Structures are given as structure tokens and as C-alpha cells.
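Engineer: Generate coordinates for the sequence data below:
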Amino acid sequence: MKQYRYTTSVFLLSIILPVLIMMGLFIWALLQVINSGLVGIYPLILTAMPVLFITSVIGINNPSSITLTAESIIFEGFWSRHEYKWEDVKELTLKDYGYVGKAFIKIGRFRLLGGRYWVSYKLAGYKDLLAVIKELEGREKHGGRETVQSK
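Structural biologist: So this is what the prediction gives:
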């Protein structure tokens with residue numbers, strides 16, 4: 001079992017702070033709508049912030065830790081976890097955006113909240129994690145099982 005985590009300062013600045021800013025913007029826009037009505041950009045903020053908040057917290061689009069075991073991969077964050085058993089994974093895609101220091105991991109078919117994760121280079125063991133996922137991406141399972149395919 002190998003666990004990849006962010007340091008506390010990176011976790012607070014890169015994961016928690018954006019969520020707090022989303023909540024702050026939502027409250028600010030709500031107060032502005034109460035005071036002056038639906039004018040300006042406030043309706044957009046009132047619509048966008050809950051969607052972003054839900055995808056960040058429930059969808060864990062920026063996990064705080066990733067655990068690889070022989071049986072599964074586990075993404076954790078905001079008091080929830082998404083676990084994918086390797087035997088059930090039919091699609092695994094890794095897109096490395098090295099020029100911005102992030103990687104995008106897509107697991108399985110489309111799910112509204114889950115299966116799509118962003119990982120920053122600030123994650124301890126980032127390069128090792130990407131190497132393992134690249135190795136798993138496109139591998140063929142033996143014994144009559146499905147193939148994990150890269151898109």
C-alpha cells in the first residue's frame with residue numbers, strides 16, 4: 001500500500017482556501033441580492049458557486065490523498081472517499097499537464113460526482129504516482145478479464 005498526500009500548508013492553500021473563497025463569494029452575492037436585487041454578476045455567482053462547491057467537496061475533484069493498493073485506488077478528501085477496485089476499472093486515463101504542474105486522472109465511465117481528479121505536482125510522490133498510473137493505463141488484464149484502455 002502506498003499513500004500520496006499533500007503537506008499541511010499545500011493542503012490548506014490549494015484545497016481548503018478555494019472552497020472557503022467559494023463559500024465567501026456565495027454569501028457575499030446572496031447579501032448583495034438581498035440588498036439590491038438580481039442585478040449585475042450576482043445571479044451568476046449564486047449559480048456557479050454551489051456547483052463548484054459540490055464538485056469540490058462531494059466530487060473530490062482535488063483529492064487530499066491518494067492510496068494505491070494491490071486491490072484498488074482510493075481518493076480521499078473532505079471527509080469522503082472514492083474507491084475503485086482494479087478489477088472493476090474498465091477505463092483509466094492520465095493526462096499530464098506538466099507545463100502547469102497538474103495531472104488529470106479519469107477513472108471509469110462518466111459519473112456526475114466522481115471519477116475525475118486533478119493532482120498537483122506538490123503532492124508528495126507525484127512523479128511516482130504518475131509513473132504507476134501510466135504503467136496501469138493501457139495495461140491488459142489477464143485471465144479473461146476486461147482491458148483497461150487509454151483514450
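
Engineer: Which residue, other than its chain neighbours, is closest to the residue nearest to the spatial centre of the chain?
Structural biologist: For the chain, the residue nearest the mean C-alpha position is residue 61 (2.2 Å; C-alpha atoms, centre = their mean). Take residue 61 and drop its neighbours on the chain: the residue closest to it by C-beta to C-beta, 6 or more residues apart in numbering is residue 55, 5.3 Å away. Bear in mind the C-beta positions are built from the backbone N, C-alpha and C, glycine included.

Engineer: ok so the one you found is a strand residue?
Structural biologist: No. Applying DSSP: H, G, I helix; E, B strand; the rest coil, one finds residue 55 to be helix, outside a strand.

Engineer: you'd agree it is up against residue 48?
Structural biologist: No. Contact criterion C-beta atoms under 8 Å: residue 55 and residue 48 do not qualify, at 10.8 Å.

Engineer: quick revisit: contacts only, for the residue nearest to the centre of the chain.
Structural biologist: By C-beta atoms under 8 Å, 6 or more residues apart in numbering, residue 61 lies in contact with 55, 116-118.

Engineer: could you redo the last one with a cut-off of 10 Å?
Structural biologist: 15, 52, 54-55, 75, 77, 104, 113-118 (C-beta atoms under 10 Å, 6 or more residues apart in numbering).

Engineer: Mind jotting down where the strands sit in this structure?
Structural biologist: Remark: strands assigned in the chain by DSSP state E are 2-5, 65-68, 72-77, 80-85, 92-97, 102-107, 116-120.

Engineer: Test my guess that residue 68 contacts residue 131.
Structural biologist: No. Residue 68 is beyond contact range of residue 131, at 11.3 Å (criterion: C-beta atoms under 10 Å).

Engineer: quick one, which of these two is more surrounded?
Structural biologist: residue 68 (19 against 11; other C-beta atoms under 10 Å).

Engineer: how near is that one to residue 130?
Structural biologist: 12 Å (C-beta to C-beta, to the nearest Å).
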